[in-house]
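Engineer: From the sequence below, what's the structure:
(one chain, ligands or ions: 1)
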Amino acid sequence: MSPQQNARPIDLRSDTVTLPSAEMRAAMAQARVGDDFYREDPTVAELEAMAAARLGKEQALFIPSGTMANLLAHLTHCPGGAEVIGAEPAHSFANETGGPSRIAGMTVRSIPQQGGELDISRIRTMIRPPGSGLLTQPTGLLWVEQPTRGRVTPLEQLAGLRLLADEFHVPIHMDGARIFNAAVALDVPASSIADYADTVMFCVSKGLAAPVGSLLVGRAQFIEKARLNRQMIGGGMRQAGVLAAAGVYALGHNVERLAEDHANARRLARALAEMPGISVLPVPVETNMFFAEIVRDDLSAQDFARALGAHDVLVNLPSAGRRSVRFVTHYGIEQADIDEAIRVASEILGRAPVIAGGVE
Ligand SMILES: Cc1ncc(COP(=O)(O)O)c(C=O)c1O
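Structural biologist: Numbering: from 1, shown residues only. Predicted coordinates for the structure are as follows:
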């Protein structure tokens, strides 16, 4: 089955660009629905039960986006604001338009992260228990993203973070937007990863290829509070079963196939790494996301991205001065698309001096 209606362009910007399959659309059209405010939507209830079971938690809440689910984690763990500690590239800290500070009153403190490795001893020195200072908010939350920028944090490290959290009585929230990619990479059930966190959010709208939706999972009492907070920030939904049906379909059909995305990412990364002036991170590629660093004077990362785009291979345009280009594989990208992307990239790199300076 060729899932995507449009073979061109080959869109490697993100796994959020997936289009719902005919089967997923049929499931959405046929979904039984009700008013979820009154908890009368059976399909939302089904998705929430499925999500809680897959992650080994008591309860789940269906939320329109990952950003909102992360914000709810801040708001619900730390109702009066607090300090949150996590690693630097965390989406919630860097890419959620300041929501944790602006809306939840959180002081964000981050440490640099090398790959998927967490510097537990550094985090330990940063934790501020209640009463430890007159000028600071105490630490109310530890934050971990799994995977983060395509890198998977090893379970032993998550175990180390858990020990620290227990020692200081601070909860852990896991941004597991792509937790199922991590689960496939580690070859463990997602619940074995979620075990280390008090709460987890994951998205069905990324590699799982649903059009909308994220789930926040945790203890029943926490999720009930999060439900109230969801109402407060306008995330309550009505006949959301139409959307939840896509999530049910995604969890039922699209988890194991993530291995194909990982294999495609590895295939592309291996080929790029052999081209002149390109180095790839991570090695080996662990999930469906990797970065190609352009290490040559005659071609910037922006030029490379533009040139790919001109040949119908889409990647996000890196900011000026950045040297790396992100590639993300997903549902709808077949091996033939990868081979075409490889062909295009090698053509561009062969002609790089001509391309430098703009291709459009
Ligand atoms: C790691 C991570 N967390 C959270 C989000 C936010 O999800 P959403 O786009 O559904 O708000 C993203 C989005 O790409 C993400 O990559």
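Engineer: tell me which parts of the stretch 51-200 of the chain are close to the ligand?
Structural biologist: Taking CB under 6 Å from any ligand atom as the contact definition, the stretch 51-200 of the chain meets the ligand at 65-67, 70, 91, 145, 175, 177. In this view, the C-beta of every residue, glycine as well, is placed from N, C-alpha and C.
Engineer: Could you pick out the buried ones from those?
Structural biologist: Buried members of those, scored by 16 or more other CB atoms under 10 Å, are 65-67, 70, 145, 175, 177.
Engineer: out of those, which are inside helices?
Structural biologist: Of those, the ones assigned to helices by DSSP state H are 66-67, 70.
Engineer: quick revisit: and which of the buried ones among the residues of the stretch 51-200 of the chain next to the ligand is nearest the ligand?
Structural biologist: Taking CB to the nearest ligand atom as the measure, the ligand sits nearest to residue 66 out of those, at 2.4 Å.
Engineer: which regions of the stretch 1-150 of the chain lie under the pLDDT threshold?
Structural biologist: Along the stretch 1-150 of the chain, segments meeting pLDDT under 70 span 1-7.
Engineer: Strands along that one, start to end?
Structural biologist: With DSSP state E, counting those that start in this stretch, the ranges of strands along the stretch 1-150 of the chain come out as 10-11, 59-63, 83-87, 107-111, 139-145.
Engineer: just to revisit the earlier point, make TSV out of the buried ones among the residues of the stretch 51-200 of the chain next to the ligand and add distance to residue 329.
Structural biologist: Converted to TSV, these look like this (distance: CB to CB, whole Å):
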residue	distance to residue 329
65	22
66	19
67	23
70	24
145	19
175	21
177	16
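Engineer: Determine which two of those residues are furthest apart.
Structural biologist: Of all pairs drawn from those, the one with the longest distance (CB to CB) is 65 and 145, at 15.8 Å.
Engineer: thinking again about what came up before, for residue 49, find the nearest of the strands of the stretch 1-150 of the chain.
Structural biologist: For residue 49, the closest of the strands of the stretch 1-150 of the chain is strand 59-63, at 7.4 Å, according to CB to CB.
Engineer: For the residue nearest to residue 17 when sequence neighbours are not counted, give its distance to the ligand.
Structural biologist: Nearest residue to residue 17 in three dimensions, chain neighbours excluded: residue 11, at 5.0 Å (CB to CB, 6 or more residues apart in numbering). For residue 11, the distance to the ligand equals 15 Å [CB to the nearest ligand atom, to the nearest Å].
Engineer: State the number of residues packed around residue 11.
Structural biologist: Counted with other CB atoms under 10 Å, residues neighbouring residue 11 total 21.
Engineer: so what's it bridging to?
Structural biologist: Listed beta-bridge partners, residue 11: residue 314 (assigned using DSSP bridges).
Engineer: That one against residue 19, yeah?
Structural biologist: No. In this structure, residue 11 is not within contact of residue 19 by CB atoms under 8 Å, at 9.9 Å.
Engineer: would you list every one of the helices in the stretch 251-360 of the chain?
Structural biologist: 258-273, 301-310, 335-350, 352-355 (DSSP state H, counting those that start in this stretch).
Engineer: Tell me which other helices or strands the first one touches.
Structural biologist: Under the contact criterion of 3 or more CB pairs under 8 Å, 6 or more residues apart in numbering; DSSP states H and E, the helices and strands touching helix 258-273 comprise helix 179-186, strand 278-281, strand 289-294, strand 324-328, helix 335-350.
Engineer: Could you point out which of these sits nearest residue 201?
Structural biologist: Across the helices and strands packed on helix 258-273, closest to residue 201 is helix 179-186 (CB to CB), at 8.7 Å.
Engineer: pLDDT averaged over that closest one - what is it?
Structural biologist: Average pLDDT, helix 179-186: 98.
Engineer: how about the residues of the stretch 51-200 of the chain next to the ligand, which pair is most distant?
Structural biologist: Taking CB to CB, the two most distant members of these are 65 and 145; they sit 15.8 Å apart.
Engineer: Kindly give the local confidence score, pLDDT, for the closest residue to residue 246 other than its chain neighbours.
Structural biologist: Nearest residue to residue 246, sequence neighbours excluded (CB to CB, 6+ apart): residue 210, at 3.9 Å. What the model reports as pLDDT for residue 210 is 98.
Engineer: wait, is residue 210 part of a strand?
Structural biologist: No. Secondary structure of residue 210 (DSSP: H, G, I helix; E, B strand; the rest coil): coil, not part of a strand.
Engineer: Looking at strand pairing, list the partners for residue 60.
Structural biologist: Beta-bridge partners, per DSSP bridges, of residue 60: residue 217.
Engineer: burial count for it?
Structural biologist: 27.
Engineer: show me the contacts for it.
Structural biologist: 47-49, 51-52, 215-217, 223 (CB atoms under 8 Å, 6 or more residues apart in numbering).
Engineer: and which of the ones in helices among the buried ones among the residues of the stretch 51-200 of the chain next to the ligand is nearest residue 99?
Structural biologist: Closest to residue 99, out of all of those and judged by CB to CB, is residue 67, at 6.8 Å.
Engineer: what residues are up against that closest one?
Structural biologist: Neighbours of residue 67 in contact, by CB under 8 Å, 6+ apart: 91-92, 96, 99.
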